[in-house]
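Undergrad: Sharing a model prediction with you, sequence too.
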Amino acid sequence: MPRTRSQSARSLTHIDAAGRPAMVDVSGKATTARAANAECRVRFPADVATQLRANGLKSAKGGIVDTAIIAGTMAVKRTHELIPFCHPLPIDGIRIAVDWHAERELRIECTVKTTHRTGVEMEALTGATVAALTVYDMCKALSHAIVLGPAKLVGKRGGKRDVGAIAGGAR
């Protein structure tokens, strides 16, 4: 028996009627423009933040921001290989921004766009968190007290409902 909209809203979409994991069938959904925006924070000890600010976010491994953006972009495109029930999607656009949010904290924001039958929330979250992991990797020689998170969905557009805000007014 097919689930109604209200039942679907209250249940996990990747669990079938028998309680087993299953990939959602999106074949009946309309293809629409979709976008999602996620962020992850990276918090440094005070001395590490001071050092990173002084050297323009460069490490012995190279430019931290550029490397994080490249890694986050690669991760967005491979999300379906990392998370079992994510559909492979055509990605229309990726924007990753890395900025100081506070004296000791970087904010990594990832916005992803597609025109498809399913959203790109997981792709945006994957891009932001892998970029944050890359920052950690490039800075861990300075300290292992670097903290990642929170990682969160900031907004999404398209599909059944819009949530939150999308960076740059993406549609």
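TA: Sure thing, it's come through. Numbers count the residues shown, from 1 in each chain.

Undergrad: Tell me where this structure is predicted with low confidence.
TA: 1-10, 167-171 (pLDDT under 70).

Undergrad: quick one: what helix or strand has the residue most central in space within it in it?
TA: Centroid-nearest residue in the chain, with Cα atoms, centre = their mean: residue 125, separated by 1.8 Å. Residue 125 belongs to helix 121-139 when assigned by DSSP states H and E.

Undergrad: what's the distance between that helix and the middle of its chain?
TA: Chain-centre distance of helix 121-139: 7 Å, with Cα atoms, centre = their mean, to the nearest Å.

Undergrad: Also stretch 112-125?
TA: 10 Å.

Undergrad: mind saving the C-alpha coords of stretch 30-44 as PDB?
TA: What follows is stretch 30-44, C-alpha atoms only, in PDB (Å, rounded to 0.1, in the frame of the first residue of the first chain):
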ATOM      1  CA  ALA A  30       9.100  16.000 -11.600                       C
ATOM      2  CA  THR A  31      12.500  17.300 -12.700                       C
ATOM      3  CA  THR A  32      12.900  20.700 -11.200                       C
ATOM      4  CA  ALA A  33      15.700  23.200 -10.300                       C
ATOM      5  CA  ARG A  34      17.000  22.400  -6.800                       C
ATOM      6  CA  ALA A  35      19.600  24.000  -4.600                       C
ATOM      7  CA  ALA A  36      21.000  23.400  -1.100                       C
ATOM      8  CA  ASN A  37      23.300  25.300   1.200                       C
ATOM      9  CA  ALA A  38      25.200  23.700   4.100                       C
ATOM     10  CA  GLU A  39      27.900  24.900   6.400                       C
ATOM     11  CA  CYS A  40      30.500  23.500   8.700                       C
ATOM     12  CA  ARG A  41      32.700  25.400  11.200                       C
ATOM     13  CA  VAL A  42      36.300  24.800  12.100                       C
ATOM     14  CA  ARG A  43      37.400  26.200  15.500                       C
ATOM     15  CA  PHE A  44      41.100  26.600  16.300                       C
END
